[in-house]
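Colleague: Structure, please.
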Amino acid sequence: MKIRTDIQQGSLEWLAARAGIPTASEFDQLLTPEFEIRKGQMPATYLARKVAEKWLGGPLPGFSSLDMEFGKIREEEALPWYELEFGETVQRVGLVTTDDGRVACSPDGLIGEDGGLEVKCPEPTAHVKYLLDGEVPKEYRAQVHGAMFVTGRPWWKFVSYRRHFPPVVHVVFRDEKIQEAIAEALALFLPRLDWAMEAIAGMNGGLSEGRK
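Modeller: Numbers count the residues shown, from 1 in each chain. Predicted structure coming up:
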């Protein structure tokens with residue numbers, strides 16, 4: 001595991017650092033909420049997006065101002081609330097990668113030597129749904145377990161924070177069967193990513209546009 005604290009999440013440097021590599025927040029493009037390997041158009045489109053990012057050497061258009069606003073709420077309000085509420089220090093990080101740098105995650109924080117934190121700040125209706133469901137939302141399960149895959153940590157906390165509402169807090173423990181499913185999905189995806197880059201480079205005289 002390699003931890004980068006020299007870049008801030010949401011910045012242009014962060015977007016460039018994660019471009020072209022699969023990240024935990026996108027593992028739902030490769031796996032269903034039940035951790036079965038996806039087939040069909042979704043992983044194909046994801047492959048095309050990762051190739052496009054890698055080819056250009058940076059992010060594609062589309063990182064919305066709404067995403068940035070939610071990130072601001074997390075940083076300025078939700079994380080300090082969490083530290084005060086639970087008496088835990090959250091280590092802010094920019095990006096975490098596997099040792100080979102081929103897979104990454106961007107946790108909202110690391111907790112001690114064993115844990116991590118994923119904080120969402122959704123709109124009120126979604127937050128109430130999370131409260132009533134009483135479990136980690138399906139759309140974030142791959143991200144939470146993916147963060148444990150990248151970091152090797154044994155537990156993670158999922159938090160949904162919304163002003164004027166009770167918080168949603170779930171502790172998720174490492175599941176080796178799920179870790180194996182993630183590893184299998186990546187073992188299929190990464191060679192395809194390499195092949196696609198080589199194929200397109202061959203159509204361009206061996207040069208990537210992002211490296212010209």
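Colleague: remind me which residues of the protein are low pLDDT?
Modeller: Across the chain, residues meeting the criterion (pLDDT under 70) sit at 62-75, 206-212.
Colleague: Regarding it, what is its longest helix?
Modeller: Assignment by DSSP state H gives helix 176-203 as the longest helix of the chain.
Colleague: ok, now how distant is the nearest residue to W14 once chain neighbours are set aside from E118?
Modeller: Excluding its sequence neighbours, the residue lying closest to W14 (CB to CB, 6 or more residues apart in numbering) is I7, at 4.8 Å. C-betas here are computed from N, CA, C, even on glycine. With the distance defined as CB to CB, to the nearest Å, I7 ends up 18 Å from E118.
Colleague: Comparing these two, which residue is more hemmed in?
Modeller: Higher neighbour count among I7 and E118: E118, with 24 against 18, using other CB atoms under 10 Å.
Colleague: Surely that one touches S160?
Modeller: No - judged on CB atoms under 8 Å, E118 makes no contact with S160 at a distance of 9.5 Å.
Colleague: So which residues of the chain form helices?
Modeller: Secondary structure of the chain (DSSP H): helices located at 12-18, 41-56, 65-73, 79-86, 124-133, 138-151, 176-203.
Colleague: residues making contact with the shortest one?
Modeller: Spelled out, it's helix 12-18. 4, 7-8, 57-59, 63, 94-95, 104, 106 (CB atoms under 8 Å, 6 or more residues apart in numbering).
Colleague: how far out from the middle of the chain is it?
Modeller: Distance, stretch centre to chain centre, for helix 12-18: 13 Å (CA atoms, centre = their mean, to the nearest Å).
Colleague: And stretch 84-101, by the same measure?
Modeller: With CA atoms, centre = their mean as the basis, the mean position of stretch 84-101 lies at 12 Å from the chain mean.
Colleague: Endpoints of it, how far apart?
Modeller: Using CA to CA, to the nearest Å, one end of stretch 84-101 lies 34 Å from the other.
Colleague: What residues of it count as buried?
Modeller: Within stretch 84-101, the residues that count as buried by 16 or more other CB atoms under 10 Å are 90, 93-98.
Colleague: Stretch 127-136 too?
Modeller: Buried residues in stretch 127-136 (16+ other CB under 10 Å): 127-128, 130, 136.
Colleague: ditto for stretch 192-206
Modeller: Quick answer for stretch 192-206 (16+ other CB under 10 Å): 193, 196-197.
Colleague: As a markdown table, those with distance to A185 would be great.
Modeller: Formatted as a markdown table, these follow (distance: CB to CB, whole Å):
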| residue | distance to A185 |
| --- | --- |
| L193 | 12 |
| A196 | 16 |
| M197 | 19 |
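Colleague: who are the neighbours in contact with the nearest residue to I182 once chain neighbours are set aside?
Modeller: Counting by CB to CB, 6+ apart, F149 is the residue found nearest to I182 once chain neighbours are left out, at 4.8 Å. By CB under 8 Å, 6+ apart, F149 lies in contact with 24, 103, 179, 182-183.
Colleague: Setting aside sequence neighbours, what's the nearest residue to L95?
Modeller: R4 (4.5 Å).
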